[in-house]
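Participant: Whatever this is, show me its structure:
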Amino acid sequence: MVSAENPIVGSVKTVVKVRLLPDDQAGDVLGRTLVLCNIAATQVATTAQARGVFRNWDLRKITYQPLREEGLSSQTAQHVIKKVADAYATRTANARAGRYGPKDGARYQRIMGTSVVFRPHAAQPYDDRVLSWDHQARTVSIWTLEGRKIVPFTGAPEHLVLVAAHRKGESDLIHDRAGRWFLAATIDIPTPKVTEPDGFLGVDMGIVNIATSSDGTNWSGGAVTARRKTNLAVRRSLQVRGTKSATRRLKKRSGREQRFVRDVNHRISKHIVETAERTGRGVAVEDLTGIRTRVRHRKPQRSTFHSWAFAQLGAFLIYKAERAGVTFVQVDPANTSRQCSGCGHVEKKNRTDQASFACLSCGVSLHADHNAAINIAARGQQMWGRSQPSHDAACPRQPAGTPEQQARPFRAESLTGSATPTRCASRGRGPR
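Facilitator: Next comes the predicted model:
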């Protein structure tokens with residue numbers, strides 16, 4: 001919360017979507033404009049791949065004039081070139097991070113040896129030279145192939161306020177599969193000074209339990225898993241039929257699961273950050289970068305694992321923590337599920353089953369996710385550099401959690417936010 005004691009010292013960027021309401025004629029022109037921009041982007045990407053030229057400035061020298069001859073304005077042509085350069089920069093970054101596998105692997109060679117292709121209705125960036133806002137009339141003036149078009153827009157009241165007060169930089173023109181038009185505006189929101197944390201709230205993320213805090217609050221992933229299984233069964237059934245009616249139903253259902261999971265992650269991250277802010281603590285999570293390439297699963301488990309939206313939950317925690325002035329750290333995930341939060345003893349057999357933890361050294365018995373979250377909280381405090389004894393495995397005599405944390409009951413929290421005490425159920429936990 002911003003106050004005199006906690007003044008504004010920085011900002012955090014986020015994105016707010018407002019819906020455009022073009023008439024049939026304006027919608028047709030916007031569609032043709034978007035398709036031409038993406039056809040041009042694919043042509044620029046092909047040229048870049050063929051010549052090995054991927055920098056924005058170098059690409060402009062060889063592709064700017066042809067784009068102008070195709071009917072794009074000067075600023076739009078430059079945005080198309082920059083979009084291509086950014087796409088190749090992202091590809092290079094992913095390759096260096098090992099997300100495409102080893103360099104001599106077939107997947108790596110296929111991706112790096114093929115030019116980037118843009119969908120006909122992929123998003124197109126606009127800046128203030130080709131897009132202007134009239135917040136009083138709630139209209140935008142947007143460049144198209146037939147000149148400027150005045151298009152009304154609408155959105156949630158809080159989003160409209162943010163766009164009017166804090167919009168900064170580019171906005172992306174989006175045309176979704178349902179035929180709706182949106183502008184995704186970049187918002188630069190002022191943030192308060194990050195306060196010195198009085199300890200950390202550890203968060204263990206998983207699949208069966210989406211998140212578990214060191215306070216003992218658990219958000220079960222049962223509803224998400226059930227929704228995914230239902231959607232998978234429906235998609236398979238409709239794909240097997242292959243009729244026009246089945247295709248229409250597939251198109252109508254597209255994106256439902258993503259929206260549901262996104263809403264769940266928003267609510268969980270909001271609760272966690274609000275709890276940390278209210279108690280004066282920071283938020284600590286595991287650094288799970290690259291886990292999809294490190295962890296192997298059996299075939300029946302792959303769909304569930306690769307649809308695990310831990311990165312999205314982590315991103316939501318980061319930006320919500322920044323907006324609230326709450327400290328956020330990522331810690332080493334090694335042995336958080338095997339280390340005892342009471343004495344620091346590390347052993348694989350401490351995990352009696354997938355959901356239970358019982359230390360063979362001191363006898364501490366906790367839900368496995370709760371134990372891991374306490375360890376994460378302790379590592380967060382150690383990483384922050386507080387002048388307190390280390391609670392990591394390097395100092396096994398020091399307990400990872402306070403007596404209050406270890407005595408606090410494990411609670412299962414539904415997605416509606418209610419928390420009730422529960423016994424340690426024999427449920428699995430997500431990959432570390």
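Participant: V326 belongs to a strand, doesn't it?
Facilitator: No: assessed with DSSP: H, G, I helix; E, B strand; the rest coil, V326 is coil; it does not lie in a strand.
Participant: Packing partners of the helix ranked longest in the chain?
Facilitator: Longest helix in the chain by number of residues (criterion: DSSP state H): helix 24-51. Counting contacts by 3 or more C-beta pairs under 8 Å, 6 or more residues apart in numbering; DSSP states H and E, helix 24-51 packs against helix 56-69, helix 74-96, strand 124-126, strand 139-144, strand 147-154, strand 167-175. Placement of C-beta: from N, CA and C, glycine included.
Participant: between the ones you listed, which one is nearest to R281?
Facilitator: With C-beta to C-beta, the closest approach to R281 among the helices and strands packed on helix 24-51 belongs to strand 167-175: 30.9 Å.
Participant: got the residue ranges for the helices in the protein?
Facilitator: Counting by DSSP H, the helices of the chain are 24-51, 56-69, 74-96, 106-112, 157-166, 222-241, 244-253, 256-279, 291-294, 299-306, 310-324, 368-384, 403-407.
Participant: buried ones in the longest helix of the chain?
Facilitator: 26-27, 29-31, 33-38, 40-45, 47-49 (16 or more other C-beta atoms under 10 Å).
Participant: Same question for stretch 354-368.
Facilitator: For stretch 354-368, by 16+ other C-beta under 10 Å, it's A355, S356, F357, A358, C359, V364, L366, H367, A368.
Participant: ok, now stretch 69-88?
Facilitator: Result for stretch 69-88 [16+ other C-beta under 10 Å]: buried residues 72-73, 76-85, 87-88.
Participant: Counting neighbours, what do you get for the closest residue to P192 other than its chain neighbours?
Facilitator: Nearest non-adjacent residue to P192, counting by C-beta to C-beta, 6 or more residues apart in numbering: G325, 3.7 Å away. The burial count assigned to G325 is 20, neighbours taken as other C-beta atoms under 10 Å.
Participant: My guess is G325 contacts E196. True?
Facilitator: No: contact status for G325 versus E196: not in contact, 10.7 Å apart, counting by C-beta atoms under 8 Å.
Participant: how is this structure carved up into domains?
Facilitator: 8-192, 200-421 (automatic domain parsing).
Participant: coming back round to it: can you redo the helices of the chain as a markdown table with distance to I150 and mean pLDDT?
Facilitator: Listed next are these as a markdown table, based on distance: least, C-beta to C-beta, whole Å; pLDDT from 0 to 100:
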| stretch | distance to I150 | mean pLDDT |
| --- | --- | --- |
| helix 24-51 | 8 | 96 |
| helix 56-69 | 25 | 95 |
| helix 74-96 | 18 | 96 |
| helix 106-112 | 42 | 94 |
| helix 157-166 | 17 | 93 |
| helix 222-241 | 40 | 82 |
| helix 244-253 | 30 | 82 |
| helix 256-279 | 30 | 90 |
| helix 291-294 | 45 | 55 |
| helix 299-306 | 44 | 53 |
| helix 310-324 | 33 | 87 |
| helix 368-384 | 51 | 89 |
| helix 403-407 | 58 | 46 |
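Participant: most packed of these?
Facilitator: helix 368-384 (a mean of 28; mean count of other C-beta atoms under 10 Å).
Participant: same for that one, what does it pack against?
Facilitator: Against helix 368-384 (3+ C-beta pairs under 8 Å, 6+ apart) you get strand 200-205, strand 209-213, strand 282-286, strand 328-331, strand 356-358, helix 403-407.
Participant: Recalculate using a threshold of 10 Å.
Facilitator: Using 3 or more C-beta pairs under 10 Å, 6 or more residues apart in numbering; DSSP states H and E, the elements in contact with helix 368-384 are strand 200-205, strand 209-213, strand 217-220, strand 282-286, strand 328-331, strand 356-358, strand 365-367, helix 403-407.
Participant: Which among these is found nearest to E257?
Facilitator: strand 209-213 (14.5 Å).
Participant: what lines up beside that closest one in the sheet?
Facilitator: strand 200-205 (antiparallel), strand 217-220 (antiparallel) (DSSP bridges).
Participant: for the residue nearest to Y64 when sequence neighbours are not counted, what are its contacts?
Facilitator: The shortest distance from Y64 to any non-neighbouring residue, by C-beta to C-beta, 6+ apart, is to A77 (5.8 Å). By C-beta atoms under 10 Å, 6 or more residues apart in numbering, A77 lies in contact with 37, 40, 44, 60, 63-71.
Participant: of all these, which comes closest to D332?
Facilitator: For the contacts of A77, the nearest to D332 is V44 (41.6 Å; C-beta to C-beta).
Participant: Need the distance between the two termini of stretch 166-185.
Facilitator: The first and last residues of stretch 166-185 sit 10 Å apart, counting by C-alpha to C-alpha, to the nearest Å.
Participant: which stretch in the strands paired with strand 209-213 has the least confidence?
Facilitator: Mean pLDDT across those is lowest at strand 217-220; the value there is a mean of 86.
Participant: among the strands paired with strand 209-213, which is nearest Q330?
Facilitator: Short answer: strand 200-205, nearest of these by C-beta to C-beta, at 10.5 Å.
Participant: ok and the closest one relative to helix 368-384, angle-wise?
Facilitator: Interaxial angle of strand 200-205 relative to helix 368-384 (axes from the mean of the first three to the mean of the last three C-alpha atoms, to 10 degrees): 130 degrees.
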